[in-house]
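S.K.: Let me see the structure of the following:
(2 chains)
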Protein chains: 2
Amino acid sequence: MTGNSLDPHLNRYARRTEGMRASAIRALFAVASRPEVVSLAGGMPYLNSLPLGMLGQDVNQLVAEEGLTALQYGSGQGILALREQICEVMALEGIQAHPDDVVVTVGSQMALDLVTRIFCDPGDVILAEAPSYVGALGTFAAYQAQVVHVAMDADGLIPEALTAAIASCRAAGRRIKLLYTIPNFHNPAGVTLSDERRGVIARICRDEGITLLEDNPYGLLGFDDAVHRAIRADDPDNVIYLGSFSKTFAPGLRVGWVLAPHAVREKLVLANEAATLNPPVLNQMIVSRYLATFDWMGQIKAYRQTYAERRDAILAALTEYMPAGTTWTTPQGGFYVWITLPEGFDSASMLARAVSARVAYVPGTAFYADQLGSRQLRLSYCFPTPERIEEGVRRLAGVLNGELDVMRTFGTGATRALEGPQSPAPNTV
Amino acid sequence: MTGNSLDPHLNRYARRTEGMRASAIRALFAVASRPEVVSLAGGMPYLNSLPLGMLGQDVNQLVAEEGLTALQYGSGQGILALREQICEVMALEGIQAHPDDVVVTVGSQMALDLVTRIFCDPGDVILAEAPSYVGALGTFAAYQAQVVHVAMDADGLIPEALTAAIASCRAAGRRIKLLYTIPNFHNPAGVTLSDERRGVIARICRDEGITLLEDNPYGLLGFDDAVHRAIRADDPDNVIYLGSFSKTFAPGLRVGWVLAPHAVREKLVLANEAATLNPPVLNQMIVSRYLATFDWMGQIKAYRQTYAERRDAILAALTEYMPAGTTWTTPQGGFYVWITLPEGFDSASMLARAVSARVAYVPGTAFYADQLGSRQLRLSYCFPTPERIEEGVRRLAGVLNGELDVMRTFGTGATRALEGPQSPAPNTV
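M.R.: This next block holds a predicted model:
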């Protein structure tokens, strides 16, 4: 528990606050947001290609003509028109769903919160990829759920590792509630679950009585225009699916959704009401009108092209500048490359030096609930221009080479703040 | 726990879902939303006086010129400009606060959720007025907190009753975390905590080590233009204050806030991030621009005048139509009148007949965690016109008189679905 003797509330907090910790790298990120720093840290979409002028006129019309609805309280489940359109979006991934089973949420982060809320008692286990999305780990910790990581490779989550993790938890008498997975263009690992493995993993979960939580914010952002079939498409009863407009449209609206089996959906609506009464009506209507009147698939194609160019730029720069022994994944979509540094590096303790060298990233430990990942880091290529990306990677390589010099002089332990086993790196292609 | 044998997830839910129940009156409210029904049920602000044309143009400009910020991810604490303006709004109630101690939330409902999340373990006690806000009771139940009601009268929460409730909980070994209070124009009771009692209640909480949670969505909507001094104004260390733009501007934006002592604020930001990453940036910028460019106090005065006329209309209609023995509170602001029916009535079981007679209200039991309130009901006068209010009260009186006829014929128990002690009614003036 954080706090000090000056806090009169210190003995009044709930036990779950013990799992809520301010990240030690927060202060560094305040520095990293300065314009002279190339940030390869944040996963902010590059919104410059959005038609802001047209969007503004559309929102103007919406407020002027439908303001009495848009600015009023609404349904705890979300507006019907948007839920119908969400079903059309999910149909692109092979999902057949009824709008009645969709709940609109304040970003898919809120959906993550609500699902954890209705499934997890303190101590319950959530299986998650190694590494996993930092925001999900924060939510799971807030509900005192315990994350058990499952190894991945270049084809995503490894079914045999999943089976072994389940057996190990069961042998220890631990209660497993969810498998949390990001099958497409994984955050942070940058890999995609192969189509062959999807059915295997779904069947394992079904057989073991574990609800599968499929988080898919990046699914439509594949660089070869291919859309992978969702796990949910072939398993409607045991999969809860999370979607988001944050990456395909705009995150500042905070509009996401959850598709769940009917009985679960009922509980999610009640939980949504307890949390927010209802998601903002205006924002839902903005997204609904955008889907109805804009060429939104055209916009997604523009996003794909932008991010593909930047993926190419970062891979080329990594090949050119990274010191020998560094490996990385090859994303086919999404925002992220996952880097594994040679033996002896500690990406967390190195961050301050990187920010001094005007480049920022997220240390690998942020993506683990168990302190692994110290030799790894996540680079985001979604926001900076290709030129800035190259410059950022060049600066990062400079920092790495400086560290190598220190290690050669003083020994490999010189830069490591934390000893421990390394995380399983996805194989690099 | 709700659910049935067809729900494969039935044995996987968290224990807290036992406290999440769909209200039995939900189905009735679907019917009650038909235009032929006069709804005195919902607390929807009357938005027709908002300058929608100007607002639309303003939002247009915001999206066109600042869209790259408005549509992007933002801070988990909320944008600084809005937090500064929130401090100016709170200054109207005597509060001196720093923007650093303000956290913007998705409506003040999300603030209620976050405060409960960081303070309450299962079984912890929250003291709350009798009756209390139905949305707060839902949130408290979702965190398995136990509500102990404290009696009110026409001057709000009774300090002696608070002291007695604390002593009773302590004697039973129960751990009290919060006193939740709505001091101004109470929802649903329609009463206001007297200025004399505010300091007394704050001191009791301070002395007893109980954090005071002051929920003040209606504070600026007093009909005599007087603004009561907030409890927080004189007790910055032990009071957490919740505010909202839902009633003074527009609820569809879902912009509320919490002002908390610094150590608590840090935890609230972490909890906010775990729940939503950040509140929608666009909505915060809309509110901020509205406060900066519109005569927002003029708009609040327009709201006050509208609601004062409707308060007058409902009080006149109650005096004219209600059967003898019915009593009600006299609100000096806000949205609600709290009705106590004569002995023998059951407002919950009567609701179906009322909706058949084309009038809707919220039964008193919704506002209690302990099944009290069966002889009481809440009427909202905020949304319907004065003419519709009068018609609604006339219809309600017809239903009550019909019930009285049945009781005279078959005895007073005939219409009561639930026997039990009655809730303490606020004294009527």
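S.K.: Please count neighbours and contacts with C-alpha atoms only from this point.
M.R.: Will do.
S.K.: Tell me where the stretch 51-200 of chain A has helices.
M.R.: A:52-70, A:80-91, A:107-119, A:134-142, A:159-171, A:195-208 (DSSP state H, counting those that start in this stretch).
S.K.: List just the one of these that sits closest to residue B:66.
M.R.: Residue B:66 lies closest, by Cα to Cα, to one member of those: helix A:52-70, at 9.0 Å.
S.K.: now for the closest one, which elements pack on it?
M.R.: helix A:281-293, helix B:52-70 (3 or more Cα pairs under 8 Å, 6 or more residues apart in numbering or on different chains; DSSP states H and E).
S.K.: now that helix against helix A:281-293, angle please.
M.R.: Orientation check (axes from the mean of the first three to the mean of the last three Cα atoms, to 10 degrees): helix A:52-70 against helix A:281-293 gives 130 degrees.
S.K.: what residues does helix A:52-70 touch?
M.R.: Applying Cα atoms under 8 Å, 6 or more residues apart in numbering or on different chains, the contact partners of helix A:52-70 are A:71, A:281-282, A:285-286, A:289-290, B:47-48, B:52-65, B:67, B:252.
S.K.: helices or strands next to the top strand by length along chain A in the packing?
M.R.: In chain A, taking DSSP state E as the definition, the longest strand is strand A:146-153. Helices and strands touching strand A:146-153, by 3+ Cα pairs under 8 Å, 6+ apart, are strand A:125-130, helix A:134-142, helix A:159-171.
S.K.: Same question for residue A:212, what's its three-state structure.
M.R.: strand (DSSP: H, G, I helix; E, B strand; the rest coil).
S.K.: Can you verify my assumption that residue A:92 contacts residue A:226?
M.R.: No - assessed by Cα atoms under 8 Å, residue A:92 is found out of contact with residue A:226, at 10.3 Å.
S.K.: picking that back up, of all the helices and strands packed on strand A:146-153, which lies closest to chain B?
M.R.: helix A:134-142 (4.8 Å; Cα to the nearest Cα).
S.K.: Pull the distance from that closest one to the chain's centre.
M.R.: 11 Å (Cα atoms, centre = their mean, to the nearest Å).
S.K.: now stretch A:352-361
M.R.: Stretch A:352-361 sits 23 Å away from the centroid of its parent chain (Cα atoms, centre = their mean).
S.K.: Do me a favour and get the end-to-end distance for it?
M.R.: Using Cα to Cα, to the nearest Å, the end-to-end distance of stretch A:352-361 comes out at 10 Å.
S.K.: The residue in the stretch 251-400 of chain A positioned nearest to chain B - nearest residue in space that isn't next to it in sequence?
M.R.: Proximity of the stretch 251-400 of chain A to chain B (Cα to the nearest Cα) peaks at residue A:252, 3.8 Å away. Leaving aside its sequence neighbours, residue A:252 sits nearest to residue B:71 (Cα to Cα, 6 or more residues apart in numbering or on different chains; 3.8 Å).
S.K.: what does residue A:204 give?
M.R.: Nearest to residue A:204 is residue A:163, by Cα to Cα, 6+ apart, at 7.4 Å.
S.K.: pLDDT weak spots in chain A?
M.R.: Chain A contains residues with pLDDT under 70 at A:1-5, A:23-27, A:412-429.
S.K.: change it to 80
M.R.: For chain A, applying pLDDT under 80 flags the ranges A:1-6, A:19, A:21-33, A:225, A:411-429.
S.K.: Which residue ranges of it form strands?
M.R.: So, for chain A - with DSSP E - the strands run A:38-39, A:102-106, A:125-130, A:146-153, A:156-157, A:176-181, A:211-215, A:239-244, A:255-259, A:327-328, A:336-340, A:359-360, A:362-363, A:376-380.
S.K.: Make a PyMOL selection of the buried ones in the contacts of helix A:52-70.
M.R.: Only the buried entries of the contacts of helix A:52-70 go into this PyMOL selection, using 16 or more other Cα atoms under 10 Å in any protein chain shown:
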select buried, (chain A and resi 71+281+282+285+286+289+290) or (chain B and resi 47+52+55+56+57+58+59+60+61+62+63+64+67+252)
